[in-house]
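Colleague: no sequence for this one, just the structure:
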């Protein structure tokens, strides 16, 4: 950690900072410049309470040098981690497309969806049984019954399933129905109690980025899961909130490249929630794979115009099939397959 | 709801929209303009699934006319609602300042804090027993033991207490320790399962704005609580996330004026988390009260430079005392008192 | 235009709105709903002063239905416009990569740069003679002398040139040196006097998106140029400002897809300024072309680590060469070439 | 400047950085930590080209310690600067409210406006002759004729005038009509050629904050003016662009407190453009003065509902009069007057 003292800082103030640094078990390196004195804290700076240092008189600002996350960083773990979802590897050479409807509605809808997912060449299926809706008056999901329908439809096609967990009290039910990967939604990225719980189980976790979460906060949220012992984490970029109102979110493709550099864990992209309209999905999907994403989480519905939610952003089975073809071409250009 | 058809929309497409509107129990009013046809849905438009309408072919866009929230809106409830926290009214003529440390540390710290809160003239006390921290390696709060210390210190001074609930499983404990007002933090504003639970109890809820939540999403989050039967809700603006990095958040004073117009519920402000530095708190507090806030949630610590968290943003007891004087002057200018 | 009246609006207020609409030459269509009355203005609603309508008593809000731009919209001009820069077509089947250094430094630097641009297979060259720098103490560009060096180096390789115009008073000089395409920088996207001037000349204009300009404002800025008679406009997405600080800007790939739908004019992308680091450029470039961009504006310097500005974001000649290969592969997947 | 080397940086890479630092006339201080080596550059670090340092191999990141602005910073100029606008001091104990219409329309309108400004107790008048409008088809201002009408109306009441300059070529005309303070609008905050020109004249400049300009960029824009010799600069906060769409901009009151700490120059606020609606202006004005602003720039129109632009955000003469009373009360609480 570097501590920058104010121009007029006194010797006494400098000594107080040095004393505090030593209390945290670090050594201090003082560098007296023309305008300002800098104090470097050498040792395990993660021990230092930065807010407390900042509150000392004479301190102008302080900066961490070491990254605050340990397990998820690529710094100490150079090779890519491949996460196994029910036998399907995510994060390896093969790009994985997880497709399915926004929400589980009925058994026939899920059966049709599962067939379409399989027919398009996808190996993993998504679907929501518990839905986070902005309005309490909107459809809240089919719940446990939905989980059951989902499991049945996917099993018939041999597809592992991915579904969102919103409430810690439902974790046992997820385990009972053998959900293959637990999705943590954008609104729960910093629901720390939920992160701690999924950190204790032995199931892959797909961690969506908070609507306006920084890369650093996102990595720290993953570290919460990892710190509990569960290192099977997949990041999912789903668009961020900005000033732009012409589309729902701004898909942040730069985040893909930056995450692949910062962490050894897989990174996938949700192009459906990013743009919010089905017609944007192919362009965003191609961009995501071209930028280096390890996979996609795509909404597809057997009959979008009858969907109970997100009707305007779901692909049809045919559109998904066509998209898979395009993505295969792009994957090949960058030395991957699909 | 207004549905705008694309310039080349066919009669068949228009009819399909009209048919769908009628399925939702509304009437359709068609207006054929020079460039576009508009269709108005007359009736209870909250029943209409907007995404589904948008997915119909020939539809360019649709807009809701009626507000999606019912209970929290001022439209049907003109008078200000006054929420009672342990006998102290929030939302009336008197501005209420809720003060106390970021986190509960020790009994002597809480005792000193409670005395300082009382001495400054405040009538409500805050303090965190369960702390949402970005890092899993940071201090996570003193937990249930902290609640106990807080209750004891506040009771001695006759101060009702406000503290944050992060985990649904802790609600019974909060009720057992008779927490006077339950705070829902910024990261949980859209933790819908938590909102539903606090909607079922008979305790005031202070609902902090999500880091980048729109006014509309915030009102809908309150509606989640209200829909459960608990109408004792207080909004708390705490700064929003923007592009600016010179300070932690941008305190949104416009939100105060807009909320006071949109809802009958009280609106308070947290100037400490907004700016992130103690020296900014007086200016932001004055601005909040001048803009019409019903109260403040302020961090004060008996000895800030020893605080276990947020050391750089806590006021000293003296600073809180002085601030109360200034705020009294401003309250008077706009016909209120403190 | 749709005008939504407040719930309690009186007949007199409704009549006042209707009267005002008629003053603007439009007809009014009144639709009385259960909760609110809506008034539709039928005719050329672009004539209506929306702010004035909003100021009338009893008006809750108003919404434009018709797009405010006329010339740049695809609504009345379905086919793609191909803009010719010194004989090179932008916006057709072939993706064009405009490469070159951030700033013109010396004749040998420009000569080496031009050779590298040509060798990589690019057909257009960029370079800045006048530089917008955030600090008045930073290098401001080599000015007119720079233009001259640029022209000479590019001519030797037969490359048309693109360079930024910051000051209206320099336009004649640009014409004198026969700049092939005039770039309007992000900070000048709403410098309306500059837009008007380049609207009067017969030269292609590359209009960069303002740092936090909406798609609608960007289209309107282009409309300023078009309204003057110059329809040779190319949009250039260069990353937007958000809350994220891990990289300079967030490249908005969704904007590419949306613009291609909204306007008939070409859309290119500047991956260098978007990410701000050379190592991000290949990933962002691939994403841009995969999303449908008509070209790129890329920084390349013969020896980046000696560059006078943007040293950390320029590709080397070898990196540019390799990138062109990858982009060719991606272009092919979506039916284009490079 | 602090340069942080990557964990595996070699001795050779460290030496290359040290060599480069010395080329810029600085000394290097090397500090070898457990995980990383830090290099401090001691001397006038403003000479160092940061981008070039960042491009050297083995460099992870670098940070400036010294502020990039010199003249506008309070660091070397502790006392408040009072800027004189035609005899009226801005930045002293007295809060100044600059009022007037959005745009100059007619002589009678300006005469009535000037009388109302005077009657309300304001000492300075605003009004736009050249208008930056997002649409080329919207009213663009009455131009030079407008300046003349403005001058005449204001002179009659003895009010110095403030008006916006958009085009460098109009500067002489502004001087000819003796505009008392030149306003630089939000869209031109980084129009560096315009800043340089107003830096050469001896007239106060009111520099509005760019729509999404950071505090640091804003200070640098002022430094551009100051570097030319003109130190009569007043900052004007006018709301920033965020994700929120319920109001036009978010008034950033934190910026007032931060700027008053960072610079010795006066800071005023435009509450009219911030909120965008007249009913929000009183609350925002009170908040601004309570937060420590040195004045306001407020839109007032003799008959708002006939205004040619911004009809919905102008106060009436009566509303301005009432507001001045409230602001006087708030000014008094913080030891100022109006």
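Modeller: It's in. It should be emphasised that the depicted structure is a prediction, and the values quoted were computed from it without experimental measurement.
Colleague: Close to chain D: what parts of the stretch 51-200 of chain A are there?
Modeller: A:63, A:65-66, A:75 (Cβ under 8 Å from any Cβ of the partner chain). To be clear about C-beta, it is placed using only N, CA and C from the backbone, and glycine gets the same treatment.
Colleague: Let me see the ranges of the strands in the stretch 1-150 of chain A.
Modeller: A:2-5, A:27-32, A:37-42, A:59-63, A:83-85, A:88-90, A:96-100, A:124-126 (DSSP state E, counting those that start in this stretch).
Colleague: Please tell me I have it right and residue A:171 contacts residue A:184.
Modeller: No. Between residue A:171 and residue A:184 there is no contact under Cβ atoms under 8 Å: 11.5 Å.
Colleague: more crowded one of these two?
Modeller: Using other Cβ atoms under 10 Å in any protein chain shown, the more surrounded residue of residue A:171 and residue A:184 is residue A:184, with 25 against 18.
Colleague: Got phi/psi on the closest residue to that one other than its chain neighbours?
Modeller: Excluding the flanking residues, the one nearest residue A:184 by Cβ to Cβ, 6 or more residues apart in numbering or on different chains is residue A:207, at 5.1 Å. Main-chain torsions, residue A:207, degrees, to the nearest 10: phi -100, psi 110.
Colleague: which residues touch residue A:112?
Modeller: Applying Cβ atoms under 8 Å, 6 or more residues apart in numbering or on different chains to residue A:112 gives the contacts residue A:302.
Colleague: sorry, back to before: which residues are common contacts for residue A:171 and residue A:184?
Modeller: Joint contacts of residue A:171 and residue A:184 (Cβ under 8 Å, 6+ apart) are A:165, A:198.
Colleague: circling back to that earlier point, and the strands of the stretch 1-150 of chain A: which comes nearest chain C?
Modeller: Closest of those to chain C is strand A:59-63, at 12.8 Å (criterion: Cβ to the nearest Cβ).
Colleague: ok, residues contacting the closest one?
Modeller: A:1-6, A:9, A:13, A:17, A:36, A:50, A:53-54, D:2, D:63.
Colleague: that older thread, take the strands of the stretch 1-150 of chain A and lay them out in CSV including mean neighbour count and mean pLDDT.
Modeller: Formatted as CSV, the entries for the strands of the stretch 1-150 of chain A read as follows, by neighbours: other Cβ atoms under 10 Å in any protein chain shown; pLDDT from 0 to 100:
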stretch, mean neighbour count, mean pLDDT
strand A:2-5, 23, 92
strand A:27-32, 16, 88
strand A:37-42, 22, 90
strand A:59-63, 17, 91
strand A:83-85, 20, 98
strand A:88-90, 20, 98
strand A:96-100, 28, 98
strand A:124-126, 27, 98
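Colleague: Make TSV from the ones you listed and add distance to residue C:213 to it.
Modeller: Putting those into TSV (distance: least, Cβ to Cβ, whole Å) gives the following:
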stretch	distance to residue C:213
strand A:2-5	35
strand A:27-32	43
strand A:37-42	39
strand A:59-63	32
strand A:83-85	39
strand A:88-90	37
strand A:96-100	33
strand A:124-126	35
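Colleague: Residue C:219: which of those strands is closest?
Modeller: Nearest of those to residue C:219, taken as Cβ to Cβ: strand A:96-100 at 33.4 Å.
Colleague: Check which helices and strands the closest one sits against.
Modeller: strand A:88-90, helix A:107-119, strand A:124-126, strand A:295-299, helix A:317-333 (3 or more Cβ pairs under 8 Å, 6 or more residues apart in numbering or on different chains; DSSP states H and E).
Colleague: circling back to that earlier point, taking the contacts of strand A:59-63 as a set, which two sit the farthest apart in space?
Modeller: Among the contacts of strand A:59-63, A:13 and D:63 lie farthest apart (Cβ to Cβ), at 21.4 Å.
Colleague: Look up which helix or strand residue A:203 falls in, please.
Modeller: Assessed by DSSP states H and E, residue A:203 sits outside every helix and strand.
Colleague: Mind pulling up the pLDDT for it?
Modeller: Per-residue pLDDT puts residue A:203 at 97.
Colleague: Please convert the helices and strands packed on strand A:96-100 to CSV, extending it with distance to residue D:300.
Modeller: Shown next, in CSV, are the helices and strands packed on strand A:96-100 (distance: least, Cβ to Cβ, whole Å):
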stretch, distance to residue D:300
strand A:88-90, 61
helix A:107-119, 60
strand A:124-126, 56
strand A:295-299, 51
helix A:317-333, 56
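Colleague: Kindly report the domain assignment for chain A.
Modeller: Annotated domains of chain A cover A:2-63, A:83-333 [automatic domain parsing].
Colleague: rank those domains by pLDDT, which is bottom?
Modeller: In terms of mean pLDDT, the lowest-scoring of those is domain A:2-63 (a mean of 89).
Colleague: Residue A:269: how many residues sit nearby?
Modeller: 31.
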